[in-house]
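# Have a look; sequence and predicted model below, questions after that.
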Amino acid sequence: MKFALEDSSDSESVSSLDYSISSDEEITNSPLRNPRSSLGRDILQAYDTSSDELDSEDEVNIGLDDEWDVVKTKAREQPSWREKKDKSYVSLFLPYCLEISELEKHNDKLIRATSAIQVTKRDKGKGKVKPLSSLSYKLLTPKKQMNLRVEGATGEREDQYDLWLKTADQEAWRDGQQQASERRGEIRNIASNARARLKTQEDDRLAKEAEELRKMLEGMSVRQGQEEEEIERQFKEREKKLWDDIDAAIKEVERREAELAAATVAAARRQKEQEAARVAEAEKLALAQKAEAERRAREEAEKQRQDQLAKEEEEKRQLAQRQEEESKAKVAEEKDKTGSDWNKWVERQRWMKTNIIEPLKADRAARTALRPGMRLMTRGLGQVVNSRESIVRVSNDLHAILVQQLPSPPSPSSAVVLDENIPKTYAYLLSHLAKALIKQAESEVNAKADAAFPLARIVMGLLLRGHGALGEILFTRFVKKCPWVIPFYPNRPVNQSREEYEKSTGRGSDESLAEYISRMAGICTLYFAILQTPLSSIIPTISAAPPTPSQLENLIIPALRFPSAWTWLALALKDPLPILPPIAHLVSSWIEITAHEAVRVYGRGQMGKVWEVIEREGLSEGKIKGDSEAARQRLRLMLESWRRGEVQLPSGRIWD
């Protein structure tokens with residue numbers, strides 16, 4: 001039979017005991033002497049004990065179940081069956097003492113066998129357990145037939161002796177079975193107590209582990225709370241710093257407005273004093289006419305002369321006022337024009353988001369199919385260098401990726417424009433390409449201005465290959481990320497939140513002013529590089545026929561043509577933009593990238609006048625504020641270099 005621990009799956013936790021009888025004459029009631037498990041060793045120790053009863057649960061291994069069927073018992077001490085019978089029977093059988101002594105040995109073996117452990121064997125065929133209770137009974141009926149022959153005994157006495165022998169065997173058998181049953185019950189009780197103790201230990205262990213887990217979770221919760229408090233503290237510090245900067249800017253504007261109001265009040269006071277003086281002078285003349293008649297004519301002439309001077313002065317003042325009003329109206333008109341342009345491109349961006357970007361983002365399958373091409377676009381723009389071979393190769397690769405989303409390849413004569421019929425996957429790729437170009441401008445171009453020229457040539461190359469929609473989508477992205485490409489700086493509406501307003505100006509929520517200006521300069525540098533790119537250097541690189549002037553108007557929108565460079569500079573130098581911090585940096589970028597082409601197109605004399613106005617009114621009179629004195633000095637040095645003719649052509653403008 002096998003003994004197994006409840007919680008163990010190891011084969012070593014099962015031990016086998018085999019009790020067997022070698023013959024009818026001899027009983028070997030010992031288990032295997034080398035059991036494999038601790039359970040078998042404990043059972044062997046219990047078997048070998050000489051005590052009448054198992055005194056404690058230590059004699060039973062923890063983990064016994066209710067399937068035990070091996071019981072080790074010890075025969076109870078009983079009087080010999082001979083003592084129970086009448087002594088007269090003994091006197092009858094004295095002549096046969098020798099044969100009766102042999103019978104006593106046989107019955108002693110019977111008593112020892114019935115007090116031994118009742119052994120069970122596993123049925124090898126069915127895996128069942130059956131008791132070997134028939135073993136002891138077999139020993140009660142030895143093969144030797146005891147033929148007792150008693151001389152002088154009658155047949156009746158022989159029958160009584162057989163009956164007595166049978167009764168003694170049955171009583172010995174019942175006593176052995178009763179002792180075995182009692183021992184089996186004791187071991188089962190001990191096993192039950194052991195299982196209860198094991199369950200208690202297991203419950204204690206689980207409770208301890210639960211307590212440790214609870215403490216660990218409490219520690220993690222505390223750490224998480226501390227981390228959240230630290231993040232909240234840092235966010236509040238950044239927010240406080242940002243609002244401090246905003247408050248400082250508002251106070252500065254209020255101070256300037258107060259100074260302007262004070263100057264206006266002082267001018268009105270001076271005008272009133274002048275008017276009072278003129279009235280007093282008129283009264284003085286009137287009194288003089290009354291007092292001195294001979295001098296009336298002279299005083300009248302003097303009065304007329306004074307009146308004429310006052311009239312001329314008034315006319316001059318009115319003329320200056322009209323000119324000032326016209327100038328303000330013109331500035332307001334220009335501002336309204338740039339504002340309307342900005343609103344137009346903002347609405348175009350909203351149309352793109354509603355009709356192209358959001359539907360494609362919702363279509364997971366289409367977006368997954370476009371992802372390899374998008375990765376190739378980003379990688380190509382990141383690896384391009386300012387050489388003819390590299391630029392043409394990247395342009396052709398981008399062209400091939402875009403053509404896959406069109407029913408037929410575009411050309412200058414059949415350009416793809418941005419309208420309701422444009423394929424959404426094609427427009428989505430163009431939007432991704434524009435976004436990748438702007439990211440390059442914010443990082444690489446911002447660090448090195450020459451990196452803008454190869455990107456600008458790629459844009460113009462794709463436009464000349466028939467991808468006319470790229471120009472509108474790219475400029476829409478420009479306006480969204482940098483309104484200074486118009487140039488325009490929107491005012492904050494009354495009901496607009498601070499986050500939405502900063503997003504409309506292209507500024508990040510936690511971005512400093514210096515970082516914002518640097519990023520805006522990178523985007524504007526790429527835009528200026530596109531404006532000054534000569535088409536004559538790009539047309540030979542395309543395989544299609546050169547576009548005609550009318551086709552160029554369809555391929556390149558006005559915002560990407562070179563005249564927009566002059567328009568940009570004119571608007572950037574008109575109020576109220578010059579006082580804004582980014583203007584000094586942006587005008588320097590314009591001169592660095594576009595000035596050579598502007599001098600070639602408009603002439604050195606015309607551009608010299610522009611340089612003079614910027615230096616005199618912008619820098620000397622302080623109309624161009626800039627974000628720092630370093631930005632103003634950089635602009636001044638550039639203007640002086642152009643005036644002396646010491647400016648070199650940017651290295652990136654000529655490709656290798």
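Structure received. Numbering: from 1, shown residues only.
# contacts for the helix or strand containing Leu470?
In this structure, Leu470 sits in helix 469-481 according to DSSP states H and E. Contacts with helix 469-481, where a contact means CB atoms under 8 Å, 6 or more residues apart in numbering, come from 342, 345-346, 348-349, 352, 416-418, 422, 426-427, 430-431, 433-435, 437-438, 459, 462-463, 485-486, 506, 523, 527, 555-557, 559-560. Heads up, the C-betas are built off the backbone N, CA and C, glycines and all.
# Okay, buried residues for the helix or strand following it please.
Later in the chain than helix 469-481, the nearest helix or strand by DSSP H and E is helix 498-504. By neighbour count on 16 or more other CB atoms under 10 Å, the buried set for helix 498-504 is Glu502, Ser504.
# Using PDB, write out every CA atom in the helix holding Leu470.
The C-alpha trace of helix 469-481 is given here as PDB (Å, rounded to 0.1, in the frame of the first residue of the first chain):
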ATOM      1  CA  ALA A 469      -1.200  70.100 -53.400                       C
ATOM      2  CA  LEU A 470       2.000  69.900 -51.300                       C
ATOM      3  CA  GLY A 471       2.400  73.700 -51.500                       C
ATOM      4  CA  GLU A 472      -0.900  74.400 -49.900                       C
ATOM      5  CA  ILE A 473      -0.700  71.700 -47.300                       C
ATOM      6  CA  LEU A 474       2.900  72.700 -46.400                       C
ATOM      7  CA  PHE A 475       2.000  76.400 -46.000                       C
ATOM      8  CA  THR A 476      -1.000  75.400 -43.900                       C
ATOM      9  CA  ARG A 477       1.300  73.500 -41.600                       C
ATOM     10  CA  PHE A 478       3.600  76.500 -41.600                       C
ATOM     11  CA  VAL A 479       0.800  78.900 -40.400                       C
ATOM     12  CA  LYS A 480      -0.300  76.400 -37.800                       C
ATOM     13  CA  LYS A 481       3.100  76.000 -36.200                       C
END
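# just how off-centre is it within its chain?
On the basis of CA atoms, centre = their mean, to the nearest Å, helix 469-481 sits 29 Å off its chain's mean C-alpha point.
# for it, what is the average pLDDT?
Across helix 469-481, pLDDT averages out at 94.
# in the stretch 101-250 of the chain, which spans are helices?
Taking DSSP state H, counting those that start in this stretch, the helices of the stretch 101-250 of the chain run over residues 134-140, 155-291.
# now the stretch 401-550 of the chain
424-440, 446-447, 452-464, 469-481, 498-504, 513-532, 549-555.
# what packs against the helix or strand that comes right after the last one?
Next along the chain after helix 549-555, taking DSSP H and E as the criterion, comes helix 563-572. In terms of contact count using 3 or more CB pairs under 8 Å, 6 or more residues apart in numbering; DSSP states H and E, helix 563-572 is assigned the packing partners helix 513-532, helix 583-602.
# just for this protein, where's the confidence low?
For the chain, applying pLDDT under 70 flags the ranges 1-156, 322-337, 656.
# Assess the claim that Arg507 and Tyr516 are in contact.
Yes: Arg507 is within contact range of Tyr516, at 4.9 Å (criterion: CB atoms under 8 Å).
# For Ile356, see how far away Ala469 is.
From Ala469 over to Ile356 the distance is 11 Å, taken as CB to CB, to the nearest Å.
# hang on, the earlier thing: tell me which of the helices of the stretch 101-250 of the chain is the most buried.
Ranked by mean neighbour count under mean count of other CB atoms under 10 Å, the helices of the stretch 101-250 of the chain are led by helix 134-140, which reaches a mean of 17.
# Provide a list of residues in contact with Gln404.
Contacts of Gln404 (CB under 8 Å, 6+ apart): Gly373.
# and with 10 Å instead?
By CB atoms under 10 Å, 6 or more residues apart in numbering, the residues touching Gln404 are Ala369, Leu370, Gly373, Thr425, Tyr426, Leu429.
# Just send the helices and strands packed on helix 563-572 back as CSV, with distance to Glu499 and mean neighbour count too.
Putting those into CSV (distance: least, CB to CB, whole Å; neighbours: other CB atoms under 10 Å) gives the following:
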stretch, distance to Glu499, mean neighbour count
helix 513-532, 15, 23
helix 583-602, 24, 21
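# Using TSV, lay out the ones you listed together with distance to Ile401.
Listed next are the helices and strands packed on helix 563-572 as TSV, based on distance: least, CB to CB, whole Å:
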stretch	distance to Ile401
helix 513-532	21
helix 583-602	28
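# now for the one helix or strand Gln321 maps to, which elements pack on it?
Following DSSP H and E, one finds Gln321 within helix 296-352. Where contact means 3 or more CB pairs under 10 Å, 6 or more residues apart in numbering; DSSP states H and E, helix 296-352 is packed against helix 155-291, helix 424-440, helix 469-481, helix 563-572.
# Nice, that's everything, thank you.
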